[in-house]
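A.B. asks: one predicted model, sequence on top.
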Amino acid sequence: MTFSTELRKEADSIYNAIFDHPFVRGLAKGDIPKGAVEHYVKADFEYLNAFMHMYGLAISKSSDRSDMDFYKQQIDFVLNSEIHPHNNLCQYIGINYDDLQSYPLPPSADHYIKHMKHYGHEGSLGEILAAILPCPWTYLEIGERLIEEIGHDEAHPFYEWIAFYAEEGIRETTDDIRKRLDDWAEGASQREKEAMKEAFIKSSQLEWGFWEMAYNEESWELVPRQAVTTYE
Ligand SMILES: Cc1ncc(C[n+]2csc(CCO)c2C)c(N)n1
């Protein structure tokens, strides 16, 4: 079994929780509270900026030109193509994309990008690959499942979003990162493989956390709760 297959197995319950998440179920049903979609797009715009930084950090740790070229192409893809699924969501909520940009990241999304950047700055290329892989892999599997569910129904409100992530290009990106990760793992120590596994599992869980953050419209604002804890 390849190392990435092992990681995917280990994360299976997290992936299932993502497929069952009410935001993802809402994408299938074509019905999500508009505030949650707005919250998602605002956070995802900033998340994608951080994701491009990750590819830049991967380039800074690469010595092979074909690796550099791959990360550069991915930056291009995020810059120029990932706007399509965002535009689909903007249409659904009737808000201009320009009005949803440059907002501070809510706590869980902030945690996710700082988790990735930790590996970007402190980790090996193998750890970077492990930290970024759940991003395309979870979306690919969401896209594939949802396109099966809704069929090629172009009238579905989230057809463009779903079709985008079910596309061959996302599979190629996922397979490409998996291949690089598996090659790296072959020469890695047990200790480094443990670090890669931790990076992958935490990023998978933070993918779930991103959906949860959007659905609950999570913010930094402290909402005084009814006394749960009493202070002496
Ligand atoms: C929180 C979050 N996770 C994953 C994606 C999907 N995604 C982001 S960048 C990229 C391409 C990788 O080269 C893919 C598939 C998203 N939009 N938001």
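C.D. replies: It's in. Bear in mind the structure is a predicted one, so any value in this text is a computation, not a measurement. Numbering: from 1, shown residues only.
A.B. asks: OK, contacts around residue 203?
C.D. replies: Under the criterion of Cβ atoms under 8 Å, 6 or more residues apart in numbering, the neighbours of residue 203 are 112, 115, 116, 130, 131, 132, 133, 134, 135. Just so you know, the C-beta spots here come from the backbone N, C-alpha and C atoms, and that holds for glycine as well.
A.B. asks: can I get these in TSV with distance to residue 96, pLDDT and neighbour count?
C.D. replies: What follows is the contacts of residue 203, written out as TSV (distance: Cβ to Cβ, whole Å; pLDDT from 0 to 100; neighbours: other Cβ atoms under 10 Å):
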residue	distance to residue 96	pLDDT	neighbour count
112	26	99	25
115	31	98	16
116	29	98	26
130	37	99	30
131	32	99	26
132	29	98	25
133	33	99	24
134	30	99	29
135	26	98	24
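A.B. asks: near the ligand too, which of those residues?
C.D. replies: residue 135 (Cβ under 6 Å from any ligand atom).
A.B. asks: where does this structure have low pLDDT?
C.D. replies: 224-232 (pLDDT under 70).
A.B. asks: how about the residues of this structure by the ligand?
C.D. replies: Counting by Cβ under 6 Å from any ligand atom, the residues of the chain close to the ligand are 44, 47-48, 51, 74, 77-78, 82, 135-136, 139, 170, 173, 207, 210.
A.B. asks: quick revisit: which of the contacts of residue 203 sits closest to residue 162?
C.D. replies: residue 135 (17.0 Å; Cβ to Cβ).
A.B. asks: picking up where we left off before, would you write a ChimeraX line that selects the buried entries of the residues of the chain next to the ligand?
C.D. replies: To isolate the buried members of the residues of the chain next to the ligand in ChimeraX, using 16 or more other Cβ atoms under 10 Å:
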select :44,47,48,51,74,77,78,82,135,136,139,170,173,207,210
